[in-house]
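> got a sequence here, can you model it:
(one chain, ligands or ions: 1)
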Amino acid sequence: RAEKPWGGRFTEPTDAFVERFTASVSFDKRLYHHDITGSIAHATMLAKVGVLTDSERDQIIAGLGEVKEEIESGRFEWSVTLEDVHMNIEAALTDRIGSTGKKLHTGRSRNDQVATDIRLYLRDEIDVIAAELTRLQAGLIALAEREADTIMPGFTHLQTAQPVTFGHHMLAWYEMLERDYGRLLDCRKRVNVMPLGAAALAGTTYPIDRAFTAELLGFDRASGNSLDSVSDRDFAIEFCAFAAMLVTHLSRFSEELVLWTSAQFNFIDLPDRFCTGSSIMPQKKNPDVPELVRGKTGRVNGHLIALLTLMKGQPLAYNKDNQEDKEPLFDAVDTVKGCLKAYGDMIPALQVNREETRLAARRGFSTATDLADYLVKKGMPFRDAHEVVGKAVGFGVREKRDLADLTLAELKQFSDTIGEDVFDILTLEGSVSARDHLGGTAPAQVRAAVGRARASLEAR
Ligand code: ARG
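So this is what the prediction gives:
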């Protein structure tokens, strides 16, 4: 098996270091399944158009099946001399079935073969990731419904802004993931185009039937230009862009979960099974899972930049540079799957400390805007109302009391228009319920949004 399939024109063996330096088998062997699937379709097509006999096709398919079993049983010996997954499998096939195996590569090149393999691989992974993303979204929807009435402070600049409902806050994350899902499916459309038939770069002289192969492999269509087909890695970049955006969202979410589990916030509890302890501080329960997801964002963003940079200087058509597409892509896939698995399991198990979030919403004058709106409804221009409430807040800060804890007489110092009915609007429940329109934080709106989100998941 150690003979190079391309050795004909060479007069000395490859330098031992160069052999290792140029080999990709250590990481591209994970494409074995898709490589074999692609080869079976190729052989089937070659027989259909008369380039192979039916018996040759059958030998090739049976032989590839045996090679696959050997790989899956762990008995297959991968050879660095044979460089990559493609030549390893082809050589193993020829070992088994003899010279018929050497006919498999008719009308094909590793250039269109590898491009096909990665697309088949990524398409499968996209489907797995789409399902995991859906599971996480379903978890968020359930949590939002459970906490539709739970009051918490909403923040801008991480300072108390206005009260919101916890469910509403969770649905903000849901919306981001919904856009990520859309990006993923959109990327899939461009992944699902078949390069096979482009051969090395110019196409092939055999009477191939590309539409037939595309159909066998479940591709939407065969690609339209052979040069582009073997050199295009846009689809991998797009996937990494999706991945970078998704983990960036999860990273922001993680930042909140880390803050919220701290003793100072104490908004939520994560079950022990998602946390770890400290070897020195006995009291510690660390939110490792969100921290690690936040940390993994660095590597995924890095993979996006790696692929963009990989492509930027490449002339047409295939260049060996492209071999560098795999490790970033594989790691982006693995990392996204890991993060989604962790989040999908953790989110439904998150416990909200409702008393604490409510108390926190009472701090920081979160209903000040409600008081201003109250004055406006009594006829005061908004800018004047803003000024009046600002003064009342200043008083409250000095007195260390919330607006709702001031007496009517104290409030009246700032405006005569304030009446007994002000205390209804200064409550947290009154504040959130008043924001009762599409996209607002009122519990009724959270329930409506939960309904829409569920319908959207069901329609997938
Ligand atoms: N291992 C190569 C890659 O990953 C396969 C294609 C190699 N083609 C070539 N002409 N050297 O890109």
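> okay, buried residues for the lengthiest helix in the chain please.
Of all segments of type helix in the chain, defined using DSSP state H, the longest is helix 110-146. By neighbour count on 16 or more other CB atoms under 10 Å, the buried set for helix 110-146 is 110-123, 125-126, 129-130, 132-141, 143-146. C-beta coordinates here come from the backbone N, C-alpha and C atoms, glycine included.
> quick check: mean pLDDT across it?
Mean pLDDT, helix 110-146: 98.
> check which helices and strands that helix sits against.
Counting contacts by 3 or more CB pairs under 8 Å, 6 or more residues apart in numbering; DSSP states H and E, helix 110-146 packs against helix 32-48, helix 85-97, helix 166-191, strand 193-194, helix 226-231, helix 234-261, helix 326-346, helix 443-458.
> quick one: the ones you listed as JSON lines, columns for mean pLDDT too.
Below are these laid out as JSON lines (pLDDT from 0 to 100):
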{"stretch": "helix 32-48", "mean pLDDT": "98"}
{"stretch": "helix 85-97", "mean pLDDT": "98"}
{"stretch": "helix 166-191", "mean pLDDT": "98"}
{"stretch": "strand 193-194", "mean pLDDT": "98"}
{"stretch": "helix 226-231", "mean pLDDT": "98"}
{"stretch": "helix 234-261", "mean pLDDT": "98"}
{"stretch": "helix 326-346", "mean pLDDT": "98"}
{"stretch": "helix 443-458", "mean pLDDT": "98"}
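> and of these, who's closest to residue 269?
Residue 269 lies closest to helix 234-261 among these, at 7.0 Å (CB to CB).
> tell me the buried residues in that closest one?
235-251, 253-254, 256-261.
> what angle do that helix and helix 110-146 make?
If you take axes from the mean of the first three to the mean of the last three CA atoms, to 10 degrees, helix 234-261 sits at 30 degrees to helix 110-146.
> chain center to helix 234-261: distance?
With CA atoms, centre = their mean, to the nearest Å as the basis, helix 234-261 stands 7 Å off its chain's centre.
> got the angle for that helix vs helix 166-191?
If you take the same axes, to 10 degrees, helix 234-261 sits at 170 degrees to helix 166-191.
> packing partners of helix 234-261?
Helix 234-261 packs on helix 110-146, helix 166-191, strand 268-269, helix 288-312, helix 326-346, going by 3+ CB pairs under 8 Å, 6+ apart.
> closest to the ligand out of those?
For the helices and strands packed on helix 234-261, proximity to the ligand was assessed by CB to the nearest ligand atom; helix 110-146 is nearest, at 3.8 Å.
> is the ligand contacted by that closest one?
Yes. Interface with the ligand: helix 110-146 contributes 110, 111, 114 (CB under 6 Å from any ligand atom).
> list the buried residues of the following helix or strand past that helix.
Once helix 110-146 ends, the next helix or strand along the chain (criterion: DSSP states H and E) is strand 151-156. Under the neighbour-count criterion of 16+ other CB under 10 Å, strand 151-156 has 151, 152, 153, 154, 155 buried.
> just put those residues in a markdown table and tack on pLDDT and distance to residue 334.
Supplementary listing: the buried residues of strand 151-156 in a markdown table, determined by pLDDT from 0 to 100; distance: CB to CB, whole Å:
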| residue | pLDDT | distance to residue 334 |
| --- | --- | --- |
| 151 | 98 | 39 |
| 152 | 98 | 34 |
| 153 | 98 | 37 |
| 154 | 98 | 35 |
| 155 | 97 | 33 |
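> got JSON lines for these, with distance to residue 287 too?
Putting the buried residues of strand 151-156 into JSON lines (distance: CB to CB, whole Å) gives the following:
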{"residue": "151", "distance to residue 287": "23"}
{"residue": "152", "distance to residue 287": "18"}
{"residue": "153", "distance to residue 287": "20"}
{"residue": "154", "distance to residue 287": "22"}
{"residue": "155", "distance to residue 287": "19"}
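> between those, which sits nearest the ligand?
residue 155 (47.2 Å).
> hey, what's the closest one bridged with?
residue 160 (DSSP bridges).
> surely it touches residue 161?
Yes. Contact criterion CB atoms under 8 Å: residue 155 and residue 161 qualify, at 5.5 Å.
> circling back to that earlier point, what's the closest of the helices and strands packed on helix 234-261 to residue 199?
Across those, the minimum distance to residue 199, taken as CB to CB, is reached by helix 110-146, at 5.7 Å.
> ok and the closest one relative to helix 443-458, angle-wise?
Note on geometry: by the same axes, to 10 degrees, helix 110-146 and helix 443-458 are set 150 degrees apart in direction.
> enumerate the residues of the stretch 201-350 of the chain near the ligand.
320, 322, 323.
> and residue 163, which helix or strand is it part of?
strand 159-165.
> for that strand, give me every contacting residue.
147-155, 360-361, 363-367, 369-370, 428, 431-432, 441-443, 446 (CB atoms under 8 Å, 6 or more residues apart in numbering).
> of those, grab the buried ones for ChimeraX.
Provided next is the ChimeraX selection string for whichever of the contacts of strand 159-165 are buried by 16+ other CB under 10 Å:
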select :147,148,149,150,151,152,153,154,155,360,361,364,365,366,367,369,370,428,431,432,441,442,443,446
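> nearest residue to residue 61 other than its sequence neighbours?
residue 40 (5.4 Å; CB to CB, 6 or more residues apart in numbering).
> low-confidence bits of the stretch 301-450 of the chain, can you list those?
Along the stretch 301-450 of the chain, no part satisfies pLDDT under 70.
> the helices in it, which residues?
Using DSSP state H, counting those that start in this stretch, the helices of the stretch 301-450 of the chain run over 326-346, 354-362, 368-377, 382-399, 408-412, 422-425, 428-434, 443-458.
> nothing else from me, thank you.
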